[in-house]
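Engineer: Provided below are the primary sequence and the corresponding predicted coordinates.
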There are 2 protein chains.
Amino acid sequence: MSSKPRYQQIKSFILDGIKQQTYRPGSKIPTETELAQQFEVSRMTVNKAIRDLVQDNLLVRYPGLGTFVSDTKAESPLADIKNIADEVRQRGHQYSNRLVSLKETAASETVAMQMGVPMGTPVYRSVIVHQENGLPIQLENRYVIASAVPGYLEQDFAEHTPNEYLVKMCPISSIEHIVEAVLPSDKAQELLDIDANTPCIQVNRRTWSDGRLISFATLTHPGTRYKLRSITKVGSI
Amino acid sequence: MSSKPRYQQIKSFILDGIKQQTYRPGSKIPTETELAQQFEVSRMTVNKAIRDLVQDNLLVRYPGLGTFVSDTKAESPLADIKNIADEVRQRGHQYSNRLVSLKETAASETVAMQMGVPMGTPVYRSVIVHQENGLPIQLENRYVIASAVPGYLEQDFAEHTPNEYLVKMCPISSIEHIVEAVLPSDKAQELLDIDANTPCIQVNRRTWSDGRLISFATLTHPGTRYKLRSITKVGSI
DNA sequence: TAGCTATATATGTATATACATTTAACGACG
DNA sequence: CGTCGTTAAATGTATATACATATATAGCTA
């Protein structure tokens, strides 16, 4: 019956303010002292809440000035993969996809391990083939923690990808990509219309929202049809 | 003349311990209380130092158990592949390499195109096999604009990688990575000791210093022995 | 023997307080 | 009119302390 920690409540308050546009990008949020008075907590508790949000890139702080809502969306290496639909359209090509499977299931042992949840936890699983000008370029096999994204099964993925729905529902705070080279499984060969000897890039992606892991996906691209590109600005060395 | 904050000194102490392998991946570091006594600071100060390192994915904490050095693969936002030597050593393994070729040459047509210089421009070319515990894990084929990095040929690459020398010589301002999946060339098969059907990740990397392109490299990893990992904080809402 | 119960240990949260550092703004002075 | 110094405001660092929570272990009990 323990309620959430006080600093979590303050985080939620600020997060809501950002979502509701009460605090707009670039604008100043109340000072630590003000929030401490408002919530009747010590300044250090407010400090912890704000520190967390700074870590998530939602706020920036300037000593002597105040705390402000970030206006820059951190440019992400591998950001391109994030929105394959946009990427395809940006090339002036036609994007389409084919929903192979979409259902609620219980986490298997391997899935449970990847997602750090108990075996049998309810998850949504979707299998989608993304196509560029009708040619399959990516096989997406995704698991989502059911409790985190209600309404996932009712989505129409013809127009919007599952990922687009995800980022709309919960603010993604962190993404992990593990990239490897593999040969395609039988199922992948069939769905991507390639033969057994076509090397593929496989991206294993996990996303977190506010510290909680909410999705795990494997994205398989035929090496002959797809490349990942990332440009990184380096501060100083 | 202000010295560094106390918590920074404690961070450095722990970081050094990790680098020197005093604290190995998976092992337990001293408790907050112990560190507080050792440094004669309050527990909260130690807490701050450790929190920072947890945020950087260098440590993981378990309530009731202790604080441990992460054993996950070097968190390389692709940019950090640059230091494969460190990455290997951080895993507690032995790094070595084999210099296959190192000489000055004139840019061929394809190289010239990749680097955006006239054909025949003097470049240094090096071919190196990087090894983890004696097993080849990366084939590096690198071209460097000769005028940008004098002394490149005289380097001893046994201890330091070409990349380490590069970043020491010129401050890298930008890095481009293009990742693809390929099957290895005959030469790559031989040097990496793999067969023709082993899928490989090939990273094509170009680096700029102060707006000028200074190097182009292709890094080939057997998919069975190497994965790229990247974690990205996202600021979206 | 299986299971329950302290108990010790280590991290997690929270408070009240103090002083340091950074920045903007105001005002006095030349 | 511009410059310098003071002050106020805000975040940054640090301490001492208290209690909460999570985990493993040892010992007791049925």
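Structural biologist: That came through, no problem. Being a predicted model, the structure only gives us computed values, none of them experimental.
Engineer: and the strands in chain A?
Structural biologist: Here chain A has its strands, by DSSP state E, at A:28-29, A:59-62, A:66-69, A:95-106, A:122-132, A:135-145, A:174-182, A:200-209, A:212-222, A:228-233.
Engineer: what about residue A:18, how many residues nearby?
Structural biologist: 20 (other C-beta atoms under 10 Å in any protein chain shown). Just so you know, the C-beta spots here come from the backbone N, C-alpha and C atoms, and that holds for glycine as well.
Engineer: that one and DNA strand C, how far apart?
Structural biologist: 20 Å (C-beta to the nearest atom of the strand, to the nearest Å).
Engineer: you'd agree that residue is up against residue A:69?
Structural biologist: Yes - applying C-beta atoms under 8 Å as the test, residue A:18 and residue A:69 come out as touching, 5.8 Å apart.
Engineer: what is in contact with the two at once?
Structural biologist: Common contacts of residue A:18 and residue A:69 (C-beta atoms under 8 Å, 6 or more residues apart in numbering or on different chains): residue A:58.
Engineer: among the strands of chain A, which is nearest chain B?
Structural biologist: strand A:174-182 (3.2 Å; C-beta to the nearest C-beta).
Engineer: distance from that closest one to the middle of the chain?
Structural biologist: 13 Å (C-alpha atoms, centre = their mean, to the nearest Å).
Engineer: report all helices and strands that it contacts.
Structural biologist: Packing partners of strand A:174-182 (3 or more C-beta pairs under 8 Å, 6 or more residues apart in numbering or on different chains; DSSP states H and E): strand A:200-209, strand B:174-182, strand B:200-209, strand B:228-233.
Engineer: helices and strands of chain A: which one has the lowest mean pLDDT?
Structural biologist: Least confident helix or strand of chain A, by mean pLDDT, DSSP states H and E, is helix A:79-82 with a mean of 45.
Engineer: coming back round to it: right, and the helices and strands packed on strand A:174-182 - which one's nearest DNA strand D?
Structural biologist: In terms of C-beta to the nearest atom of the strand, the element of the helices and strands packed on strand A:174-182 nearest to DNA strand D is strand B:228-233, at 17.0 Å.
Engineer: if we can go back for a sec, in TSV, list the helices and strands packed on strand A:174-182 along with mean neighbour count, distance to residue B:5 and mean pLDDT.
Structural biologist: Output for the helices and strands packed on strand A:174-182, formatted as TSV (neighbours: other C-beta atoms under 10 Å in any protein chain shown; distance: least, C-beta to C-beta, whole Å; pLDDT from 0 to 100):
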stretch	mean neighbour count	distance to residue B:5	mean pLDDT
strand A:200-209	22	29	82
strand B:174-182	20	31	74
strand B:200-209	22	32	81
strand B:228-233	20	23	57
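Engineer: mind putting the ones you listed in a markdown table, distance to DNA strand D included?
Structural biologist: Below are those laid out as a markdown table (distance: least, C-beta to the nearest atom of the strand, whole Å):
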| stretch | distance to DNA strand D |
| --- | --- |
| strand A:200-209 | 19 |
| strand B:174-182 | 28 |
| strand B:200-209 | 31 |
| strand B:228-233 | 17 |
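Engineer: do you know which of these lies nearest residue A:58?
Structural biologist: strand B:228-233 (10.0 Å; C-beta to C-beta).
Engineer: residue A:59 reaches residue A:51, doesn't it?
Structural biologist: No - under the criterion of C-beta under 8 Å, residue A:59 is not in contact with residue A:51, lying 9.1 Å apart.
Engineer: higher neighbour count, those two?
Structural biologist: More crowded of residue A:59 and residue A:51, by other C-beta under 10 Å: residue A:59, with 21 against 17.
Engineer: any figure for the gap between the more buried one and DNA strand D?
Structural biologist: 9 Å.
Engineer: one step back: nearest to residue B:221, out of the strands of chain A?
Structural biologist: Across the strands of chain A, closest to residue B:221 is strand A:174-182 (C-beta to C-beta), at 7.5 Å.
Engineer: report the inter-axis angle for the closest one versus strand A:200-209.
Structural biologist: Strand A:174-182 and strand A:200-209 are oriented at 160 degrees to each other (axes from the mean of the first three to the mean of the last three C-alpha atoms, to 10 degrees).
Engineer: paired strands for strand A:174-182, with orientation please.
Structural biologist: strand A:200-209 (antiparallel), strand B:228-233 (antiparallel) (DSSP bridges).
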